[in-house]
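Chemist: this is a predicted model, with the sequence first.
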Amino acid sequence: MVKICVDTSYLISFADPTRPNHQAAVDYYRYCVERGHLLCLSTIVVSEFEVVQPASDLPLSHFHIIPFNFPHAVSSAVYHRAIKGQSAPDDAGRNVVRNDLKILAQADVEECSVILTEDANTLTKWAAQLAKIELCKVSALLLKDGFRPEELVHPAQKTLGI
């Protein structure tokens, strides 16, 4: 069974048919549900999503809800120490960087292979930076790149997108 984490931007695109990456989000969801892959949903992501709309609007029975717990907190602190003093990859200095690192830590501790996201500016770059120093094994899969199910199982092996 493949474990896949979703972030807030994924959920927003999934729930909003007017968003440009809505179809990719829906395709990933259907693919995962049909194959019995575990869609992991952090309670941190739920908190962020609830600012936009109720999480009860989502098909929650198809998501594995992951509360933020002690091992996640410890791993997140390791990530924070590793990047301490570095500017945010998107140079915006967003406060949600803390949440991004917590979500990545959860995904890594829970052994998710990838995190589905629209966040090319921060979360994706932090994941790559932490992978470069061998702290995080989770790869970010960007919705803007379209539906690429083979990358759920083999995220390091990028497709040509033809």
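Modeler: Looks like it came in fine.
Chemist: who touches residue 140 in this structure?
Modeler: Counting by CB atoms under 8 Å, 6 or more residues apart in numbering, residue 140 makes contact with 114-115, 117, 119, 123-124, 127-128. All C-beta spots, glycine's among them, are computed from the backbone N, C-alpha and C.
Chemist: again, only using 6 Å
Modeler: Taking CB atoms under 6 Å, 6 or more residues apart in numbering as the criterion, residue 140 is in contact with 115, 117, 124, 127.
Chemist: generate CSV for those, with neighbour count as supplementary columns.
Modeler: Formatted as CSV, these follow (neighbours: other CB atoms under 10 Å):
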residue, neighbour count
115, 29
117, 27
124, 21
127, 27
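Chemist: now, the residues you listed that are in strands?
Modeler: Among the contacts of residue 140, the members falling in strands (DSSP state E) are 115, 117.
Chemist: which one of the contacts of residue 140 is nearest residue 21?
Modeler: Of all these, residue 117 has the smallest distance to residue 21: 9.8 Å, by CB to CB.
Chemist: pretty sure the closest one is touching residue 8, no?
Modeler: No: counting by CB atoms under 6 Å, residue 117 stays clear of residue 8, with 8.4 Å between them.
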